[in-house]
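[1] pasting a predicted model and its sequence here:
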Amino acid sequence: MSSTSTQKNEHWSKWMASAQDGDNKAYHKLLTEITPVIRKFLFNRIFDKNSVEDILQEILIAIHRSRHTYNIEQPFDRWMFGVARYKMIDAIRKQTRIQSREKTEENFETFLESPTNTVSEAWSFDLEKALKHLPAKQRKILILTKIEGHSMSDVAKKMDMSESAVKVSAHRAFKKLKEWLIEYGYE
């Protein structure tokens, strides 16, 4: 680390310590100095330049909300960039989910354009896709219990498993199905 970086880091650390004690001027100095540094950090990592300012604001809000967690004995820049990375990744994931949901909605609208397709058929289509993401054993247990209507004890006998193992496997399968369906826009 260069001496200039070390000096900046020491200043930032002192200003954050003062801000934690209620010094608004020190906090303003800190935010004024770190904003262009965080902006540069984002510009080097985010391809969508329109999102940089939004993500920057999220990072500054996160720094504000979590400023009490900063340990003055640690380098400030490490803490700041940790918050920045977390918020940047969070924003990228959120954007990815939105884009994925938009694509799913487009597919759903295209599916419904045909007069022979219905919402229940779309639901069945998505459920089939979700089932394909389950391990074979969990998929078979769900099909036997929920689609074919077999009891847990019947399924346990058919699959040569204990009834409690079938219940645990079914629970895990439901959890995975729920996660997949939520990811694709169902709530």
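    Thanks, I have it. Numbering: from 1, shown residues only.
[2] list the contacts of Trp15.
    Counting by Cβ atoms under 8 Å, 6 or more residues apart in numbering, Trp15 touches Asp23, Ala26, Tyr27, Lys29, Leu30, Glu33. Placement of C-beta: from N, CA and C, glycine included.
[3] around Val37, how many other residues sit close by?
    15 (other Cβ atoms under 10 Å).
[4] element containing it, please.
    In this assignment (DSSP states H and E), Val37 forms part of helix 24-43.
[5] mind listing residues that contact that helix?
    For helix 24-43, the external contacting residues (Cβ under 8 Å, 6+ apart) are 8, 11-12, 14-16, 18-19, 49, 52-53, 55-56, 59-60, 63, 80-81, 84, 88.
[6] now a ChimeraX select for only the buried ones of the residues you listed.
    The ChimeraX command for the buried members of those (criterion: 16 or more other Cβ atoms under 10 Å) is given here:
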select :8,12,14,15,16,18,19,52,55,56,59,60,63,80,81,84,88
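[7] only the C-alpha atoms, please, for stretch 77-86, written as CSV.
    The C-alpha trace of stretch 77-86 is given here as CSV (Å, rounded to 0.1, in the frame of the first residue of the first chain):
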residue,chain,number,x,y,z
ASP,A,77,-10.8,0.9,3.2
ARG,A,78,-11.1,-2.9,3.8
TRP,A,79,-14.4,-2.4,5.6
MET,A,80,-15.7,0.1,3.1
PHE,A,81,-14.8,-2.1,0.1
GLY,A,82,-16.4,-5.1,1.8
VAL,A,83,-19.7,-3.2,2.1
ALA,A,84,-19.3,-2.0,-1.5
ARG,A,85,-18.7,-5.5,-2.8
TYR,A,86,-21.7,-6.9,-0.9
